[in-house]
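# any chance you could fold what I've pasted below:
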Amino acid sequence: MTDKRRIMTRRIFSGGEFEAKIGYCRAVVAGGFVHVAGTVGQGDTVTDQCRAALATIEGALREAGCTMADVVRVNYYLPDRAEFEPSWPILSEVFGDAPPSATMIECGLIDDKYRIEIEVTACLPG
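Residues are numbered from 1 along each chain as shown. Here you go, the predicted structure:
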């Protein structure tokens, strides 16, 4: 039996350069979740980029109707796993008393200038 119900989806665009080039959006709201695409940030250091990426993510979540406290899953992608530890205090501060489940993966990113990419999934409140 086929379920004919349709999940309503909403797409959130940030205007980032790669959205149009690659064909994706910053976040998709569907099925009670907000799926935020992998996000990089500007800056010279991994910590600068981490803060900037989290600010972009926070903006997308706000537009979707949630906060960082609603994040249930986070994936961190870094080209050098040794650079992850300097970001820990920032991540601990941002997620505070509502830490999500998390994974860190060492891999290549879209451009060598990027030191960290962050992807989250959040539950819509209510």
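
# contacts and neighbour counts: CA atoms only from here.
Will do.

# got the residue ranges for the helices in this structure?
Using DSSP state H, the helices of the chain run over residues 17-18, 46-64, 88-95.

# distance between the one helix or strand in the chain whose mean pLDDT sits lowest and the chain's centre?
When the helices and strands of the chain are scored by mean pLDDT, DSSP states H and E, helix 17-18 comes last with a mean of 79. Chain-centre distance of helix 17-18: 15 Å, with C-alpha atoms, centre = their mean, to the nearest Å.

# next: stretch 92-105.
On C-alpha atoms, centre = their mean, the centre of stretch 92-105 falls 12 Å from that of its chain.

# ok, stretch 96-111 next?
Worked out by C-alpha atoms, centre = their mean, stretch 96-111 lies 9 Å from the chain centre.

# list the buried residues for that stretch?
P99, P100 (16 or more other C-alpha atoms under 10 Å).

# same check on stretch 27-41?
Quick answer for stretch 27-41 (16+ other C-alpha under 10 Å): A27, V28, V29, F33, V34, H35, V36, A37, G38, T39, V40, G41.

# on that earlier part again, for the helices of the chain, which one ends up most surrounded?
helix 46-64 (a mean of 20; mean count of other C-alpha atoms under 10 Å).

# any low-confidence regions in this structure?
1-7 (pLDDT under 70).

# hmm, try it at 90
1-8, 14-23, 96, 126 (pLDDT under 90).

# which stretches of it form strands?
Under the criterion DSSP state E, the chain contains strands at 9-12, 27-30, 33-39, 71-78, 101-106, 117-123.

# any chance of those in a markdown table, plus distance to G65?
Conversion of the strands of the chain to a markdown table gives the following (distance: least, C-alpha to C-alpha, whole Å):
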| stretch | distance to G65 |
| --- | --- |
| strand 9-12 | 11 |
| strand 27-30 | 10 |
| strand 33-39 | 9 |
| strand 71-78 | 12 |
| strand 101-106 | 21 |
| strand 117-123 | 10 |
